[in-house]
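Peer 1: got a predicted structure here, sequence first:
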Amino acid sequence: DQQVKQNSPSLSVQEGRISILNCDYTNSMFDYFLWYKKYPAEGPTFLISISSIKDKNEDGRFTVFLNKSAKHLSLHIVPSQPGDSAVYFCAASDGSNYQLIWGAGTKLIIKP
Amino acid sequence: DARVTQTPRHKVTEMGQEVTMRCQPILGHNTVFWYRQTMMQGLELLAYFRNRAPLDDSGMPKDRFSAEMPDATLATLKIQPSEPRDSAVYFCASEGQGARVSEAFFGQGTRLTVV
């Protein structure tokens, strides 16, 4: 049973436009969410996070939105740049331990 | 530049052979994770340690996988005997203490191919 789902395996966006990556979760006990970015042949790197007490967190071109009632979060990248082409993972924690539950990832391709 | 170091980066081995993957966490980090990434799934937690003590290894096939932290600067993941279905990229990550859940720092991974 996948508790964190990223239903789009890939997404293609024109350079300069907005990229929106989506993530759904089923466990209402999750209270902390993270996005990681992964380039080929490298490990994932932390990008941005959000606590369940917030509904939005912004860091430069990256904004994460959390909709607790829908159990949905999204990552917005604007404007999209070629260097943003990577696989993006959504992860969640319920705080009971330090485990993160990961989605399967979405491959973002930024077209020039 | 603090980083998590994994060795080897690539490993090709024959079915039945023992495989050992090593990880040097970031100095001072007290939590170490082992993850596996396969083509079909995202990151799958195999085991994690806090202050060198194993806290959860329920994600590992116990009959063939073992994880240890001989000291604070080294974590190992061993597969014996290896099978073709073990082919995947294995990531080690470490995390500092303080925040309840902080962002983990990942190594570059060990790409394992079992033929």
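Peer 2: Good, I have the coordinates. Numbering: from 1, shown residues only, chains lettered A, B, ... in the order given.

Peer 1: hmm, who's touching stretch B:64-76?
Peer 2: B:20-25, B:27, B:30, B:32, B:34, B:46-47, B:49, B:52, B:54, B:57, B:60, B:77-83, B:86, B:92 (C-beta atoms under 8 Å, 6 or more residues apart in numbering or on different chains). Bear in mind the C-beta positions are built from the backbone N, C-alpha and C, glycine included.

Peer 1: just the buried residues from those, in PyMOL please.
Peer 2: Selecting the buried subset of the contacts of stretch B:64-76 in PyMOL, with 16 or more other C-beta atoms under 10 Å in any protein chain shown as the burial test, is done by:
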select buried, chain B and resi 21+22+23+24+25+30+32+34+46+47+49+57+60+77+79+82+86+92
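
Peer 1: in helices, which of the contacts of stretch B:64-76 fall?
Peer 2: Assigned to helices by DSSP state H, none of the contacts of stretch B:64-76 qualify.

Peer 1: output the set of residues of chain B in proximity to chain A.
Peer 2: Within chain B, the residues that sit near chain A (C-beta under 8 Å from any C-beta of the partner chain) are B:4, B:31, B:40-45, B:48, B:50, B:55-56, B:91, B:93, B:95, B:100-101, B:103-109.

Peer 1: of those, just the buried ones, PyMOL syntax please.
Peer 2: The PyMOL selection below is limited to those of those classed as buried (16+ other C-beta under 10 Å):
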select buried, chain B and resi 4+31+42+43+45+48+50+56+91+93+95+101+103+104+105+106+107+108+109
